[in-house]
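1. model the structure of this input:
(one chain, ligands or ions: 2)
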Amino acid sequence: MHTRLVKVDNTVDNDERYQQVVDCLKKGELAAFPTETVYGLGALATDPEAAQKIFEAKGRPSDNPLIVHIGTKEEAGHYADEIPEAAVRLMDAFWPGPLTLIFREKPGVIAKSVTAGIGTVGLRMPDHPVALKLLRLLGGPLAAPSANRSGKPSPTKAEHVLRDMHGKIPFILDGGATGVGVESTVIDMTSVPPAILRPGGVTAEMIESVIGPVRSETSAAEAEAPRAPGMKYLHYSPDAPVWLIKPDPGKIEAAIGSFRSEGGKVAVIGPDELRTDTADWYFATGPYGDPRELAARLYDALRTCDDTDASVILAVETPAEGMGLAVMNRLRKAADGKRLDP
Ligand code: TXA
Ligand code: MG
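-> Ligands and ions are numbered 1, 2, ... in the order given. Here you go, the predicted model:
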């Protein structure tokens, strides 16, 4: 299959470009598109065969359900059986935006392969003009996980999608680099109090300011019996092993020295201030303590490591607060829990 990269910007009349992608989705094919978080790999969520193609293209285990994207808040009621009052307030506060709400599903509407048959459905209205225009023209729900091969870092640029999905899907809508950089927050609205299953662009503090206390299942889910089925798989991993390290120049130099003395080549992903020439590559991710900037650049940095022949990647930790919690959640998975404390 030939994969076409379709650039959509405001300088050309691009309705025709969208239309060919919409036609392809309606025929049960896949198309990748940008959201404000990461690029998604979309299929019509009501079409079981189309949804099945997502799992094949990604190499994704079928017990891991997909997020369903909608173009308006009103559509939530078409797919969710019951929308609690707190959910309405969250939708009003954060949609469109990086927040996925889990509801009990309305039976028989969304394809079983999308929900993995677990009786709930994750809905989100993305805050990106390309995604919203696509959804409006399609007039239906789009099941879309991140558009990476399963296990690799999520794509934040169309080139990332092309690298992973070349020859596997007919279309990639290219809307430039995404803004947030890590995936949406996932919150389970079927439990009382609601439970955050995956930290993301909307922080627990932001949610609690609207609906009061929520539970955070992230650390429990990382350990065992995950409620968001996706949490149990190895994730966000470049080719070389990743080790987390403290933001301490002495420790970083020591670690680089030790890997290099064994013949290793070292890539470091870290804040601007800790840049060091001792590393073979240093990918700077913004000022220390700016988790939003780090989130925006993290997956590109992890993916760029695959273009080097680094034998090891050191990733400098950031405080796990606010947006930093989402970033550290992804980094711990990329490192598969490995942490250097030399
Ligand atoms: O920002 C995002 O959320 C991106 C963009 C493309 O929208 N999408 C994304 O999808 O990250 P994906 O499939 O890579 O991650 C979806 C996560 C997984 O951890 C999955 O297990 C969880 O959400 N999830 C989806 N539906 C669920 C459900 N019904 N119950 C519990 N967890 C669910
Ligand atoms: Mg993903």
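
2. okay, the residue sitting furthest away from the middle of the chain: pLDDT?
-> Centroid-distance maximum for the chain: S261 at 36.1 Å, with C-alpha atoms, centre = their mean. In this prediction, S261 carries a pLDDT score of 97.

3. state the distance from it to ligand 1.
-> 39 Å (C-beta to the nearest ligand atom, to the nearest Å). Backbone N, C-alpha and C define where each C-beta goes, glycine included.

4. show me which residues of stretch 84-102 are buried.
-> 84, 86-87, 90-91, 94-102 (16 or more other C-beta atoms under 10 Å).

5. near ligand 1, from those?
-> 98, 100, 102 (C-beta under 6 Å from any ligand atom).

6. which of those sits closest to ligand 1?
-> I102 (4.7 Å; C-beta to the nearest ligand atom).

7. which one is the closest one nearest to, not counting chain neighbours?
-> Excluding the flanking residues, the one nearest I102 by C-beta to C-beta, 6 or more residues apart in numbering is D188, at 4.4 Å.

8. let me see the contact set for the one you found.
-> Contacts for D188 (C-beta atoms under 8 Å, 6 or more residues apart in numbering) come out as 102, 120, 194-197, 217, 227.

9. wait, I207 sits on S216?
-> No: judged on C-beta atoms under 8 Å, I207 makes no contact with S216 at a distance of 10.0 Å.

10. which parts of this protein sit against ligand 1?
-> Checking the chain against ligand 1 by C-beta under 6 Å from any ligand atom, the hits are 35, 37-38, 40, 64-67, 98, 100, 102, 115, 118, 120-122, 126, 144-146, 183-184, 186, 197-198, 228-231.

11. poorly predicted segments of the stretch 1-150 of the chain, please.
-> 10-12 (pLDDT under 70).

12. how about the helices in the stretch 101-250 of the chain?
-> Remark: helices assigned in the stretch 101-250 of the chain by DSSP state H, counting those that start in this stretch are 112-115, 129-138, 158-165, 204-211, 218-223, 249-261.

13. what lies in contact with the shortest one?
-> In this case it means helix 112-115. Under C-beta under 8 Å, 6+ apart, the answer for helix 112-115 is 45, 48, 51-52, 55, 62, 65-66, 68, 105, 121, 143.

14. any buried residues in that helix, and which?
-> 113-115.

15. would you reformat the residues you listed as CSV and include distance to T285?
-> Conversion of the buried residues of helix 112-115 to CSV gives the following (distance: C-beta to C-beta, whole Å):
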residue, distance to T285
S113, 36
V114, 34
T115, 35
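
16. in contact with the residue nearest to T318 when sequence neighbours are not counted, which residues?
-> Leaving aside its sequence neighbours, T318 sits nearest to G324 (C-beta to C-beta, 6+ apart; 4.9 Å). Neighbouring residues of G324 by C-beta under 8 Å, 6+ apart: 291, 294, 318.

17. let's go with 10 Å and repeat that
-> G324 sits next to 199, 203, 289-292, 294-295, 317-318, 331 when contact means C-beta atoms under 10 Å, 6 or more residues apart in numbering.

18. that one: which element?
-> For G324, the host element (DSSP states H and E) is helix 323-334.

19. that helix to helix 204-211, inter-axis angle?
-> 130 degrees (axes from the mean of the first three to the mean of the last three C-alpha atoms, to 10 degrees).

20. dump helix 323-334 to CSV, keeping only the CA atoms.
-> The C-alpha trace of helix 323-334 is given here as CSV (Å, rounded to 0.1, in the frame of the first residue of the first chain):
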residue,chain,number,x,y,z
MET,A,323,2.3,18.0,34.2
GLY,A,324,5.6,16.5,35.4
LEU,A,325,3.6,13.5,36.7
ALA,A,326,2.5,12.7,33.1
VAL,A,327,6.1,13.1,31.8
MET,A,328,7.6,10.9,34.6
ASN,A,329,4.9,8.3,34.0
ARG,A,330,6.0,8.0,30.3
LEU,A,331,9.7,8.1,31.2
ARG,A,332,9.4,5.3,33.7
LYS,A,333,7.7,3.2,31.1
ALA,A,334,10.3,4.1,28.5
